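# This is the structure alone, sequence omitted:
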């Protein structure tokens with residue numbers, strides 16, 4: 001009786017072993033992205049811009065923070081845009097080189113780094129954006145802006161999760177649009 005039940009179980013299981021098994025591809029969570037809506041950040045800071053209504057701005061509280069350094073937080077996406085401000089005193093080239101150095105630190109993890117120039121002659125806002133592509137790049141988007149005389153702003157987008165930018169592409173592209181809007185509405189305050 002025991003041998004008969006083992007043989008019966010084997011007869012039932014054996015045909016299942018002959019069929020081809022195809023594993024399901026790895027899936028990612030669906031990410032719902034809101035409509036782009038903006039509000040004005042215009043305070044006693046030396047600059048102003050428009051930022052998304054689904055983001056919050058708070059002062060940078062790190063030990064290295066200087067006046068007018070802020071973080072724009074996107075809590076739904078566990079992301080922050082770190083913005084630092086510096087006054088220029090015949091040292092603009094140092095700030096520009098520092099920005100390039102910080103971008104170039106991503107080269108080991110990046111597949112490509114593309115830069116795009118930004119010019120707004122009417123508002124005296126000039127700068128570059130850096131799109132850093134790569135599955136493990138820590139910061140997928142960075143920029144700097146200057147009036148080329150006395151003011152300099154640098155921004156870097158970071159996610160508070162282990163980078164896997166393949167799965168974050170929709171969010172990165174979404175936040176790039178917000179950052180590009182912020183840059184296009186950027187103004188220096190006197």
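Now that the structure is in, tell me what you want to look at. Because the structure is a prediction, the values reported are computed rather than measured.
# Tell me which residues touch residue 31, please.
77, 170, 171 (CB atoms under 8 Å, 6 or more residues apart in numbering). In this view, the C-beta of every residue, glycine as well, is placed from N, C-alpha and C.
# try 10 Å this time
76, 77, 167, 168, 169, 170, 171, 174 (CB atoms under 10 Å, 6 or more residues apart in numbering).
# With residue 179 instead?
Per CB under 10 Å, 6+ apart, neighbours of residue 179: 49, 51, 52, 72, 81, 129, 141, 142, 143, 155, 157.
# doesn't the second one fall inside a helix?
No - residue assignment for residue 51, taken from DSSP: H, G, I helix; E, B strand; the rest coil, gives strand, which places it outside any helix.
# so how far is residue 91 from it?
28 Å (CB to CB, to the nearest Å).
# remind me which residues of this protein are low pLDDT?
Low-confidence segments of the chain (pLDDT under 70): 10-11, 13-21, 26-29, 163-166.
# Start from the N-terminal end of the protein and give the helices.
In the chain, the segments counted as helices under DSSP state H are 2-18, 92-104, 165-184.
# List just the one of those helices that sits closest to residue 125.
Residue 125 lies closest to helix 165-184 among the helices of the chain, at 7.8 Å (CB to CB).
# follow-up on the earlier one: need the contacts of residue 179 in a markdown table with distance to residue 3 and neighbour count, can you?
Converted to a markdown table, the contacts of residue 179 look like this (distance: CB to CB, whole Å; neighbours: other CB atoms under 10 Å):
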| residue | distance to residue 3 | neighbour count |
| --- | --- | --- |
| 49 | 80 | 22 |
| 51 | 75 | 21 |
| 52 | 71 | 21 |
| 72 | 72 | 23 |
| 81 | 70 | 24 |
| 129 | 74 | 19 |
| 141 | 68 | 20 |
| 142 | 71 | 25 |
| 143 | 75 | 26 |
| 155 | 74 | 23 |
| 157 | 67 | 22 |
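# Would you point out the most distant pair within those?
Pairwise distances across the contacts of residue 179 (CB to CB) peak at 18.2 Å, for the pair 52 and 142.
# Separate out the buried members of the contacts of residue 31.
Buried by 16 or more other CB atoms under 10 Å: 77, 167, 168, 171, 174, out of the contacts of residue 31.
# of those residues, closest to residue 102?
Of the buried ones among the contacts of residue 31, the one sitting nearest to residue 102 (CB to CB) turns out to be residue 168, at 20.1 Å.
# which residue ranges form the strands in the chain?
38-41, 47-52, 56-59, 70-74, 79-87, 112-120, 125-133, 141-146, 151-159, 187-188 (DSSP state E).
# Most tightly packed of these?
Of the strands of the chain, the one with the most neighbours on average (mean count of other CB atoms under 10 Å) is strand 141-146, at a mean of 24.
# got the angle between it and strand 112-120?
30 degrees (axes from the mean of the first three to the mean of the last three CA atoms, to 10 degrees).
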